[in-house]
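Asker: heads up, no residue letters with this:
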DNA sequence: CAATAAATAAATAAATGTGATTTATCTATT
DNA sequence: AATAGATAAATCACATTTATTTATTTATTG
């Protein structure tokens, strides 16, 4: 069977997928169990059918049937039989990298990125588009052109297996007009454009939209090394800092999609005045400092591998940002007992490491009576987390259990 | 069939109830659909089979079978046929108040409460036990005695239908030793006693344990008028303030059970110093003020219907508490986009109303850029929310969809 | 006006289809 | 011989589909 229409897709069409408030039926059950198998394989890389049976509590036969079907749909591939143990050799099954492809589009204030990833999460293609400020028309043109190239580059079979496009974009992009140095009103187009719908018209597959930092959080969940588990809070430090929430190993985007709006978290600055996290932990704050000092700050955006020697300014920014992040983590922990806090961003690795260490330090200084503090950790996905997070949206929607639908 | 063993109970024993990480099978599906039907009836009071079918998306026949079974188990009763419309008259089905009973035990620093509620949530019996400070032995004796009385009072059929006991108790009760005016070390017994296990030994039904404010939140969800829906944050203002979280109409207690530890939320006091919410919004703070002024504050605990004339002191406390609550709500909203914030407590109705109004006012003064503020509302359950919340635990566990198991 | 037919809606019985489980068997290895 | 993985066949459980029964209102007719 070529394409994805015969596989999980059809199952979803049936009466009642386990959406909220609806009943379950057999299709829902099979669909759930298939997704469960795929999720386990994603997490563990490669498992024999019996192992899956043990982990899920399903009978060996059921697992056998499900996995043979997935294999027939080319979503799984069998590995070399493992000999050397008593009994029949076990055949490790793993995700077929070519089983499906996903597109992720990140729209930022200085550039857009479009990523193509395979079923195992490997980046197959990544292209960038820079600008002074983004407009919807420009973005649509960029995507359309890239899609055309892609359709030519990939063979027909692979193109048919592109399962969706996920857009990772900040909420209310237009309100950055001034910060991005755009002429007033230049970005008003965003206010009235439904970019998701506009792109969906031009794509033969479903298109999803999610806040950029929330999407990045999803990338940590699906493509992390290892994939993040349980309940955690996530920060993506970009031009502006944003956040995401994962509960029970699943992205939580909230009823309005605005969960994890950690940039708006009130935090005290060293003087005790309450400010929003976005005003202390964003890279744009560092940029402003550098510019005020008459330095060239464009390297912050163009060479994320190494910012060079920024000395005292960088150190002060890291400390301030960490101070704010620590407070945000503390407050968030009073709401949800997160197991860990993950920090990633458009940052050189050394800066990210320093930021995490400093945040952990500040956090340990705060009054956490009655709380169990989460472990503060670096993200494992890195700079491109937002684009990859976009790509994770169609993946989660089609192939993982209980994803929150992203519009 | 007498007792509950024949009904949903057995279904639960089957292989895979939809617990996390496990597969689903038919029993799980039937169990889920049964719970769904019961949840809908709880929310809507009384529904015809066809209405349930429409709401769930299940076929009329499936609903028919499920509801006949529930009726046979005496969990549902049929109402008078509704005539006056075209077609066969519809028979409204509703929860049988006598279908099951639940016990809720609240353990507080000055008194314990034990409540018996029926399947519809009506309080059938409520008894109180006051003390200078609680000990595990004392509590066990109180419960044991009350259970004996209950077994005598209820007839055999009803006693067999008691589905469980839920304990609502603050975390780390022992750490209040000083605040409760107990001799040092007197409450150390709690540190080493597994009260849930101790009571479970003495009960023929399952026993659950939950943080008291989280349990109260559960009461708002199950017994509220109307039952609260969606995502909300909940505060119970007692001797100490505590909180709870509900997501998607379900109690969320987190991986360690410490979600909604809102008492530990850092909030700025008017001077700008960061303090924990518990230090500004607890009734004990008001008590301290009154005692320092040489006034008798016992009325705060003994006459929750009317605190009398406390004048300026009360007003100042309400304002301070509201200020803290507003900040806590703001910070929480940056984590989860809550639709509402519900405030209840051991408070006279007028004080609760004033606290809510003042909190809403303070909240509107804060910088909420990038957030959608939740509506601030009074609880609908009232003072006994904690005991009722305890009783809601076995109810949710047995009869509602997707409850987080409480230990 | 009463009797009757048509339409509608709820409830349910029987047949059907889907999916998980149980049981038995085969294969490969120590 | 013992053990463990894989799977086919038979069985069981549950939801769906289709058709039927029952109860009622509305419209029509004598």
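Answerer: Noted; the coordinates are in hand. Since the structure is predicted, the reported quantities are computational estimates derived from the model, not experimental observations. Numbering: from 1, shown residues only, chains lettered A, B, ... in the order given.
Asker: can you pull the poorly scored residue ranges out of chain A?
Answerer: A:1-22, A:176-181, A:402-407 (pLDDT under 70).
Asker: which positions in it make contact with DNA strand D?
Answerer: By the rule CB under 7 Å from any atom of the strand, the part of chain A lying against DNA strand D is A:15-16, A:23-26, A:48-50, A:60-61, A:64, A:68, A:85-91. In this view, the C-beta of every residue, glycine as well, is placed from N, C-alpha and C.
Asker: going through the residues you listed, which ones are buried?
Answerer: Buried subset of the residues of chain A next to DNA strand D (neighbour count, 16 or more other CB atoms under 10 Å in any protein chain shown): A:16, A:23-25, A:48-49, A:90.
Asker: got those as TSV, with secondary structure and distance to residue A:196 columns?
Answerer: Below are those laid out as TSV (DSSP: H, G, I helix; E, B strand; the rest coil; distance: CB to CB, whole Å):
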residue	secondary structure	distance to residue A:196
A:16	coil	25
A:23	coil	29
A:24	coil	29
A:25	coil	30
A:48	coil	40
A:49	helix	39
A:90	strand	44
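Asker: strands along the stretch 201-350 of chain A, start to end?
Answerer: Assigned by DSSP state E, counting those that start in this stretch, the stretch 201-350 of chain A shows strands spanning A:207-211, A:232-237, A:241-247, A:250-252, A:266-268, A:274-276, A:340-345.
Asker: quickly run through the sheet partners of the third one, with directions.
Answerer: Sheet neighbours of strand A:241-247, with direction, are listed as strand A:232-237 (antiparallel), strand A:250-252 (antiparallel) (DSSP bridges).
Asker: again with the last one
Answerer: Partner strands and pairing direction for strand A:340-345 (DSSP bridges) are strand A:232-237 (parallel), strand A:375-378 (parallel).
Asker: what's the answer for the fifth one, then?
Answerer: Strand partners for strand A:266-268, identified by DSSP bridges, are recorded as strand A:274-276 (antiparallel).
Asker: which residues does the partner strand contact?
Answerer: A:263-269, A:324, B:268, B:272, B:367, B:369-370 (CB atoms under 8 Å, 6 or more residues apart in numbering or on different chains).
Asker: can I get the strands of the stretch 201-350 of chain A in JSON lines including distance to residue B:297 and mean neighbour count?
Answerer: Shown next, in JSON lines, are those (distance: least, CB to CB, whole Å; neighbours: other CB atoms under 10 Å in any protein chain shown):
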{"stretch": "strand A:207-211", "distance to residue B:297": "48", "mean neighbour count": "25"}
{"stretch": "strand A:232-237", "distance to residue B:297": "39", "mean neighbour count": "28"}
{"stretch": "strand A:241-247", "distance to residue B:297": "41", "mean neighbour count": "27"}
{"stretch": "strand A:250-252", "distance to residue B:297": "42", "mean neighbour count": "23"}
{"stretch": "strand A:266-268", "distance to residue B:297": "32", "mean neighbour count": "23"}
{"stretch": "strand A:274-276", "distance to residue B:297": "32", "mean neighbour count": "19"}
{"stretch": "strand A:340-345", "distance to residue B:297": "40", "mean neighbour count": "26"}
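Asker: out of those strands, nearest to residue A:305?
Answerer: Across the strands of the stretch 201-350 of chain A, residue A:305 has its closest neighbour in strand A:340-345 (13.3 Å, CB to CB).
Asker: and the closest one, how far out from the chain's middle?
Answerer: The chain centroid and the centroid of strand A:340-345 are separated by 12 Å under CA atoms, centre = their mean, to the nearest Å.
Asker: near residue A:389, how many other residues are there?
Answerer: Residues contacting residue A:389 under the criterion other CB atoms under 10 Å in any protein chain shown number 34.
Asker: same thing with residue A:397?
Answerer: Neighbours around residue A:397, by other CB under 10 Å: 19.
Asker: give me the element it is part of.
Answerer: helix A:385-399 (DSSP states H and E).
Asker: and the angle from that helix to strand A:340-345?
Answerer: 130 degrees (axes from the mean of the first three to the mean of the last three CA atoms, to 10 degrees).
Asker: quick one, helix A:385-399 and strand A:207-211 angle?
Answerer: 130 degrees.
Asker: list the helices and strands helix A:385-399 packs on?
Answerer: helix A:26-44, strand A:101-107, strand A:111-118, strand A:162-169, strand A:207-211, helix A:212-223 (3 or more CB pairs under 8 Å, 6 or more residues apart in numbering or on different chains; DSSP states H and E).
Asker: sweet, I'm off.
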